[in-house]
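Asks: Sequence isn't available, so here's the structure alone:
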């Protein structure tokens, strides 16, 4: 099952790269994101599949045209109450389902890497997953988006990361 998911994500990633010429002529993006995130990881003291919930902060760079959006995202998560922390870097590829509307829903995939630490574990690994969301242009150069993102993690202790993220993008 995991191999099928990775293969599917790779095909979608390649499709995004093939559209890179169109994206390069499109609009450039720089932005911030903040979200409520949950991480599921194995724990020595707290039992298997321990879930931590806290706020995730991030920076994003990317480009978009009428059909596609590609972002490079760097996120930081620190749950002081349960001593979990991670830094996550990923590329996201989104397909805009409706192009000629101010409110643009999208589906996408993400691939990247996560570096996880807790009081009892240090771990890192490849991550991959999907997202669904909606974009809204609030001004000529300002765009807001809301995304639900879910990523599987290929590591010894971290199972998955998920969250609802609100992004604020400057378009130039």
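Replies: Received it, and whenever you're ready, just let me know what you need. Since the model is a prediction, treat every value here as computed from it, not as a measurement.
Asks: Can you show me the helices along the protein?
Replies: 2-18, 20-25 (DSSP state H).
Asks: for residue 33, what are its contacts?
Replies: The contact partners of residue 33, by Cβ atoms under 8 Å, 6 or more residues apart in numbering, come to 56-60, 73, 75, 165-168. Bear in mind the C-beta positions are built from the backbone N, C-alpha and C, glycine included.
Asks: now do 6 Å
Replies: When the contact criterion is Cβ atoms under 6 Å, 6 or more residues apart in numbering, the partners of residue 33 are 58, 165, 167.
Asks: For residue 92, give its distance to residue 162.
Replies: 14 Å (Cβ to Cβ, to the nearest Å).
Asks: do the same with residue 28
Replies: Distance, residue 28 to residue 162, using Cβ to Cβ: 28 Å.
Asks: try residue 153
Replies: Separation of residue 153 from residue 162 (Cβ to Cβ) stands at 11 Å.
Asks: next one: residue 154
Replies: Remark: distance between residue 154 and residue 162 (Cβ to Cβ) = 16 Å.
Asks: With residue 89 instead?
Replies: Per Cβ to Cβ, residue 89 is found 17 Å from residue 162.
Asks: With neighbour numbers in mind, choose between those two.
Replies: Taking other Cβ atoms under 10 Å, residue 89 and residue 162 do not tie; residue 162 has more neighbours (18 against 14).
Asks: Is the more buried one in contact with residue 38, as I believe?
Replies: Yes: counting by Cβ atoms under 6 Å, residue 38 is a contact partner of residue 162 at 5.4 Å.
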